[in-house]
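1. prediction below, plus the sequence it came from.
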Amino acid sequence: MKVEPGHVYVIPSNRDLSIMHGVLHLLEPAAPRGLRLPIDFFFRSLADDQQERGIGVILSGMGSDGTLGLRAIKEKAGAVFVQTPESAKFDGMPRSAIDAGLADVVDSPEQLAVKNRRLSPPRPESWFPGPT
């Protein structure tokens with residue numbers, strides 16, 4: 001599925017998600033059940049595909065899934081937005097990202113959405129140019 005501006009995509013249970021040339025791909029999980037880190041898997045593919053245009057957003061969640069993927073996004077000069085732990089129902093994932101020093105912006109989900117829109121280019125399709 002081609003990524004479209006103004007849409008939210010959710011990883012279905014028992015699937016991994018990757019992105020290549022701005023196209024989302026659902027995959028059978030590579031790791032056995034219980035050992036999977038689907039957010040890290042997706043963020044690493046996002047970092048590779050979108051480089052400095054990648055934006056990782058961590059909202060409420062348990063554990064540390066996402067932290068390694070956020071590091072990959074930062075290594076490619078992308079941005080990381082994290083929900084404030086106080087506003088999260090489950091603060092494990094936001095705290096892990098913040099404690100790892102990876103967050104560029106820490107705010108409420110509502111403010112993260114506003115700040116994310118400010119980063120959007122005038123022609124969103126330029127973020128997902130596809131194969132050249």
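-> Happy to help now that I have it.

2. for the rest of this, base every contact and every neighbour count on C-alpha atoms.
-> Will do.

3. next secondary structure after the lengthiest helix in the chain?
-> Identified as the longest helix of the chain according to DSSP state H is helix 38-50. Later in the chain than helix 38-50, the nearest helix or strand by DSSP states H and E is strand 55-58.

4. so E28 makes contact with D16?
-> Yes - counting by C-alpha atoms under 8 Å, E28 does reach D16; the two are 6.2 Å apart.

5. which of these two has more neighbours?
-> More neighbours surround D16 than the other of E28 and D16, with 21 against 9 (other C-alpha atoms under 10 Å).

6. give me the phi and psi angles of the more buried one.
-> Main-chain torsions, D16, degrees, to the nearest 10: phi -110, psi 150.

7. that one contacts D40, doesn't it?
-> No - D16 is beyond contact range of D40, at 9.9 Å (criterion: C-alpha under 8 Å).

8. how near is the nearest residue to G56 once chain neighbours are set aside to S96?
-> Once flanking residues are discounted, G56 sits nearest to V80: 4.8 Å by C-alpha to C-alpha, 6 or more residues apart in numbering. For V80, the distance to S96 equals 13 Å [C-alpha to C-alpha, to the nearest Å].

9. which residues in the chain form helices?
-> 38-50, 67-75, 92-99, 109-119.

10. among these, where is the model least confident on average?
-> Note on these: helix 109-119 shows the lowest mean pLDDT, a mean of 84.
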